[in-house]
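Engineer: Return a 3D structure for these sequence lines:
(2 chains)
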Amino acid sequence: MKTNIIEQIRASYHGVVNDIKDPKKNAKRSRKAKAFGFSFVRSILLIGLCFVILFPTIQQILMALRAPSDVNNPAVIWIPENWSIMNIKIASIVLDYRHAVFNTFKLSAISMILQIGSTALAGYAFSRLRFKGSNILFLLVILTIVIPPQALSLAQYLYFRDLGLIGKEGSIYLMSGLGMGIRSGIFIYIFRSFFRGLPKELEESAMIDGAGVFRTFWSVMLPNARGALVTVGLFAFVWQWNDAYFVKIFEVSTQDFPLLTMRLINAAENMYAALFYTGGLSLIGQDVWENPVFLALISNVSALLMMLPLLIMYLFVQKQFVESIERTGIVG
Amino acid sequence: MKKLKKPLFPRLSKIKFPEVSYKKQKLIWAAIFLLPWATGILLLFLVPFIESLRYSFFDLTPQAGEIIKEFVGFDNYLYAFNTHVTSTSSFRVELLTTTTDVIINLPVLLIFSLFIAVMLNMKFKGRAIVRAIFFVPVILNSAAVVSAVGGGEAINAILDQQGIARIFDLEFYLLQTGMAPFLITFIVGLIERIYDILALAGVPILLFLASIQSIPKHLYEAAKIEGATSYEMFWLITLPNVTPHIITVTVYALVDTFLTSSVSTIISDELNQQNWGVSSAMAWIYVATILLILIVLGAFAKFLKIGESHYEN
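Structural biologist: Below is the predicted model:
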């Protein structure tokens, strides 16, 4: 019995030694170990970065959900002691949330459609309907990307004042419709490279089937450009939503037509006054609003409220957006 | 074959100008397609462009209904450079810091975003979710939000006083390991700014990802059969194929950093205070700076032959 066990141990020991000495198996093992180590490092890195990205938002959400009176409680740092939506209520009063969201949404949606229209047409003309001098004209597009809006907005302001468009949303629509909206140059660039990447056969077969130039564009090329449409649409919408510059210059945000960004900036500059004038102060006790942390808290919650619709929308569009990168090859 | 969809504008798509050739038709349609853009560039870009260049040499005072102009030569430019001050800083200082920041940050940004793009391009579990998360800062990148969250610093200051906010004090740890102080400030600074870098890197990552996607797959297959490691594949296939797009990414990142910098805040502040001449002059200094950087970068790229497709040689 004893010898048997010893022999068995010896055999398995030899087996292990042979296994370790086998170069083929060793190569396989080291490859496996490398692959594992690599994917381990990669996942730690990616998880860490994702955490860094999501952390401020999670923190803001947790802050929004604590009761205002928790401000004076030093024990509350992360998890609220008393859950409440009071902060959100106060912030939405300060922002005039219901109106502001509706207006901002309307402004962003309409200007997105106009931007897509004008830039897709221009991008198509620059890539598929080339003519002598179209490359020189395209240099102008590059110039519009490089020149900052500050260099132009005074003259544009005076223009719009003559047209009576100052203080009206029409000024934004006019800019987007004429392909001069927020970073339209980049959109034209994206559309141009995208349309250029579509095979020439598509156009030729459409032509042979008797489609005119417009028909080719509308029913053959555009449906194939869904990836670019999603990318440009998302950016146009988001940048218009977040825009505080043009909206300020052209005085679009008014008492009757409040916009989120301007309301947020004005409120953040002087939170106490904003709370005072909108009647948000009466909702909470003096011991709370005397604490400067509370004012900072409300300003944070307001920022969260402004981003929230975008985040929710992004949840829905995100899949198409990520896939669109996969399929397009924007740069090609 | 999929049937052609019914056109939305049946009348419009039937216009075919039968007596003109297809080439001519294309030309006509090109003119129609470019019409909105051309109007825009003429009225909303070129004219304001020249106007604002002219304004920068004038002293403008708004009066009821009109604007009084007074020619002052280069005074606005000199003022912007020599005498302009804000409550905390001045135009010259901000311009200098922004320029140096850009020059230091651009390589970091390029390498970082290329690295992330390569990683996001790999196959692993949960890739879709990770990708979606990486573009969240692009969505949330807003001047308004930044100004509102700035108020949050009051909270952080108080939490700091209580000494509980910092669960993990990196600086302290690194000092304990006996690392050189300048390295520690660099690393800590990098980590504190990692969110900003991520926010700035969103679109570059997107562009790099798209350009990696457009590399023909058969190159990688051939390399794999020849026994290349993934490290070699990166240096010999991915990188050379991505370099033509580095210029695009650089231009985007450059313009974007300048647009979100304190320089452009100063310019819009001057604009809002109706110092229109000064604001125009500043805007032109800013444009000149960007163009100068671009020209230097372009010359540099030409010298190193970056940006040219390596297949053509």
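
Engineer: For chain B, which residue gets nearest to chain A?
Structural biologist: residue B:40 (2.9 Å; Cβ to the nearest Cβ). Using the backbone N, CA and C atoms, a C-beta is placed for each residue, glycine as well.

Engineer: Leaving out chain neighbours, which residue sits closest to residue 121?
Structural biologist: Assuming you mean chain A. Sequence neighbours aside, residue B:33 is the residue nearest to residue A:121 in space, at 4.3 Å (criterion: Cβ to Cβ, 6 or more residues apart in numbering or on different chains).

Engineer: Can you look at chain B instead?
Structural biologist: Nearest one to residue B:121, counting by Cβ to Cβ, 6+ apart, is residue B:212 at 5.1 Å.

Engineer: Report the contact partners of the one you found.
Structural biologist: B:117-118, B:121, B:238, B:241-242 (Cβ atoms under 8 Å, 6 or more residues apart in numbering or on different chains).

Engineer: ok, the residue nearest to residue A:121 - how many residues close by?
Structural biologist: Residue B:33: 23 surrounding residues under other Cβ atoms under 10 Å in any protein chain shown.

Engineer: Check whether stretch A:162-177 comes near chain B.
Structural biologist: Yes: contact of stretch A:162-177 with chain B (Cβ under 8 Å from any Cβ of the partner chain) involves A:174-175, A:177.

Engineer: Rebuild the residues you listed as JSON lines, extending it with neighbour count.
Structural biologist: Listed next are the residues of stretch A:162-177 next to chain B as JSON lines, based on neighbours: other Cβ atoms under 10 Å in any protein chain shown:
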{"residue": "A:174", "neighbour count": "23"}
{"residue": "A:175", "neighbour count": "25"}
{"residue": "A:177", "neighbour count": "20"}
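
Engineer: So which of the residues you listed belong to helices?
Structural biologist: Judged by DSSP state H, helices contain the following of those: A:174-175, A:177.

Engineer: tell me what the longest helix seen in chain B is packed against?
Structural biologist: In chain B, taking DSSP H as the definition, the longest helix is helix B:91-121. Packing partners of helix B:91-121 (3 or more Cβ pairs under 8 Å, 6 or more residues apart in numbering or on different chains; DSSP states H and E): helix A:23-64, helix B:127-134, helix B:194-213, helix B:239-259, helix B:262-272, helix B:276-304.

Engineer: Residue A:197 is nearest to which of those helices?
Structural biologist: helix B:194-213 (10.4 Å; Cβ to Cβ).

Engineer: ok, residues contacting the helix or strand following the closest one?
Structural biologist: As assigned by DSSP states H and E, the chain's next helix or strand after helix B:194-213 is helix B:217-225. Here helix B:217-225 makes contact (Cβ under 8 Å, 6+ apart) with B:232-233, B:236-237, B:241.

Engineer: cool, and stretch B:264-271?
Structural biologist: Contacts for stretch B:264-271 (Cβ under 8 Å, 6+ apart): A:148, A:150, A:153-154, A:245, A:248-249, B:86, B:91, B:94, B:258, B:278-279, B:282-283, B:286.

Engineer: again with stretch A:82-94
Structural biologist: Contacts of stretch A:82-94 (Cβ under 8 Å, 6+ apart): A:63-70, A:97-98, A:263, A:267, A:271, A:274-275, A:278-280, A:283-284, A:297-298, A:301-302, A:304-305.
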